[in-house]
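Colleague: here are the coordinates; sequence isn't available:
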């Protein structure tokens, strides 16, 4: 097909893969190529075989609310737990009155302390993302199946995924991207080609030197038990108040803790597994004889800090100063928490913006 552009997508995370999916639906005959710096797809959302633990793990437990329409559709058919419980570690009490702990929920959704989150973001969480109606109640959390459930099904939409291709810079001519400079060489673009950059905020800022974000960390601690353990109320997961972690998740013989906006010293992190397991003993009313095998995963720059300062830096839309380049990624969705839902929404917006501009130029 004459003058048919090639779509070059930088990054094979959720946003980049969803861009290829949306593009394939709108432009079924076009060529779509994804370039990924790593040797696997998924970005920060993937599963892997951990040799030390001898099992498959998610890099981090990812949570999707049933009210997140785009993300929940992506997960496919599964059981949605209908009840969420919170355990107060100081009072040793359990309650299902989750809105009593709205600050904890906001912190987990934004990886930022509740008092620092912009009001407009909280408004969007309340009215656009949170499952208020009864039929929407439910939480899906990944069960060491992120790659199989979310990532692999999306690999079919691109014509090619070039792994090990890290974008280092770009060449510009007449206000448009003319060349893409990868660690493996320079790619010259045709005049009609479209570029969608779906990198995380840190990588994007480094390449295009455009924004000076600050970042918050997340710590995940995984334990492997000899048999599946049970939480009170037979809950599959539970929020924790006044404890070391924010959430605990049970997936057969894997117990996973999540600490959002983690601010710990090296010594505190070193002592964390033993302290967490003792706290879990208190919650379960048992006294474990030993500490099971465990793994601490620290995500130093898990997300941008979703406070007022960083929210101002986030882009207003998917357009850039380059006529043929557009951006996607959860961090590009101003006033929204960085999440799988935001990544998908950003991909839809980037593709729509690119195709609208392409149509106008014909």
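Modeller: Yes, it's here. The structure displayed is predicted, hence computed values, not measured ones. Residues are numbered from 1 along each chain as shown.

Colleague: Quick one: the strands in the stretch 251-362 of the chain, in order.
Modeller: Counting by DSSP state E, counting those that start in this stretch, one finds strands in the stretch 251-362 of the chain at the ranges 254-259, 294-304, 325-327.

Colleague: most packed of those?
Modeller: For the strands of the stretch 251-362 of the chain, average neighbour numbers computed from mean count of other Cβ atoms under 10 Å are highest in strand 325-327, which has a mean of 25. All C-beta spots, glycine's among them, are computed from the backbone N, C-alpha and C.

Colleague: From the chain's centroid, how far away is that one?
Modeller: 20 Å (Cα atoms, centre = their mean, to the nearest Å).

Colleague: where does the protein have low pLDDT?
Modeller: Residue ranges of the chain with pLDDT under 70: 1-3, 77-82, 131-137, 362.

Colleague: Helices of that one, residue ranges please.
Modeller: Counting by DSSP state H, one finds helices in the chain at the ranges 14-26, 69-75, 102-110, 119-124, 146, 201-208, 266-284, 308-313, 340-361.

Colleague: between the ones you listed, which gets nearest to residue 168?
Modeller: Evaluated over those, closeness to residue 168 peaks at helix 201-208, with 6.9 Å, by Cβ to Cβ.

Colleague: quick one, what contacts the residue nearest to residue 168 when sequence neighbours are not counted?
Modeller: Distances taken as Cβ to Cβ, 6 or more residues apart in numbering place residue 181 nearest to residue 168, at 5.1 Å, with adjacent residues excluded. By Cβ atoms under 8 Å, 6 or more residues apart in numbering, the contact list for residue 181 reads 167-171, 187.

Colleague: Pull out the buried members of those residues.
Modeller: Buried members of the contacts of residue 181, counted by 16 or more other Cβ atoms under 10 Å: 167, 170, 187.

Colleague: Show me the beta-bridge partners of the first one.
Modeller: Residue 167 forms beta bridges with residue 182, as assigned by DSSP bridges.

Colleague: follow-up on the earlier one: for residue 144, find the nearest of the strands of the stretch 251-362 of the chain.
Modeller: Residue 144 lies closest, by Cβ to Cβ, to one member of the strands of the stretch 251-362 of the chain: strand 254-259, at 6.4 Å.

Colleague: Could you tell me the angle between the closest one and strand 294-304?
Modeller: 40 degrees (axes from the mean of the first three to the mean of the last three Cα atoms, to 10 degrees).

Colleague: strands paired with strand 254-259, and their directions?
Modeller: Strand 254-259 has the following sheet partners, assigned by DSSP bridges: strand 215-224 (antiparallel), strand 247-251 (antiparallel).

Colleague: And these: which comes nearest residue 15?
Modeller: Here strand 215-224 is closest among the strands paired with strand 254-259 (Cβ to Cβ), at 17.4 Å.

Colleague: Quick one: work out the angle between the closest one and helix 102-110.
Modeller: Calculated by the same axes, to 10 degrees, strand 215-224 forms an angle of 100 degrees with helix 102-110.

Colleague: what angle sits between strand 215-224 and helix 201-208?
Modeller: In terms of direction (the same axes, to 10 degrees), strand 215-224 departs from helix 201-208 by 140 degrees.

Colleague: what's stretch 294-302 in contact with?
Modeller: With Cβ under 8 Å, 6+ apart as the test, stretch 294-302 has contacts from 44, 50, 52-53, 57, 59-60, 111, 200, 202, 215-224, 262, 269, 272-273, 277.
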